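Participant: Could you look at this predicted model? Sequence included:
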Amino acid sequence: MVSSSKAPSKRLKEIEQSNDGFYLAEVDLAMRGPGEVYGRAQHGELNLQIASLADTKLIRRAQKAAQAFIASGDDLLQYTELAKDVERYQRLTTLN
């Protein structure tokens, strides 16, 4: 290996400081972007809205909303537009 006087990259610094795979995945996602679902690009931008695994307040709010929906007894099938969106995003994110 050849050594250089260049400072280590942010990615290498993060790997050095943590062995938490979830944390490192979040750092990598923030640095490179999510990439393509289909194709060969290793970085890029998908128009998907995703939460950070570290955003515990948002995750807790989503959990409470899901519990309230289940307790309400509503039928999810009555929301036809939502069902169409879910189906479309499932097709976008299914890799096989």
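Facilitator: Thanks, I have the structure now. Numbering: from 1, shown residues only.
Participant: Just give me the neighbour total for the spatially closest residue to residue 11 that is not a sequence neighbour.
Facilitator: Leaving aside its chain neighbours, residue 11 sits nearest to residue 31 (6.4 Å; criterion: CB to CB, 6 or more residues apart in numbering). Every C-beta, even on glycine, is put in place using the N, C-alpha and C of the backbone. By other CB atoms under 10 Å, 12 other residues sit near residue 31.
Participant: how near is residue 31 to residue 25?
Facilitator: Per CB to CB, to the nearest Å, residue 31 is found 11 Å from residue 25.
Participant: Any stretches of the chain with poor pLDDT?
Facilitator: For the chain, the stretches with pLDDT under 70 are 1-5, 33-53, 92-96.
Participant: Please parse it into its domains.
Facilitator: By the assignment in automatic domain parsing, the chain contains the domains 1-48, 55-96.
Participant: which helix of the protein spans the most residues?
Facilitator: As assigned by DSSP state H, the longest helix anywhere in the chain is helix 56-72.
Participant: So which elements touch the helix or strand that that helix is followed by?
Facilitator: Counting by DSSP states H and E, the element after helix 56-72 in chain order, helix or strand, is helix 80-93. On a contact count with 3 or more CB pairs under 8 Å, 6 or more residues apart in numbering; DSSP states H and E, helix 80-93 meets no helix or strand.
Participant: what comes up buried for helix 80-93?
Facilitator: Along helix 80-93, not one residue counts as buried under the neighbour rule (16 or more other CB atoms under 10 Å).
Participant: Excluding chain neighbours, give the residue nearest to residue 16 in space.
Facilitator: Residue 16 sits nearest to residue 8 (CB to CB, 6+ apart), 7.5 Å away.
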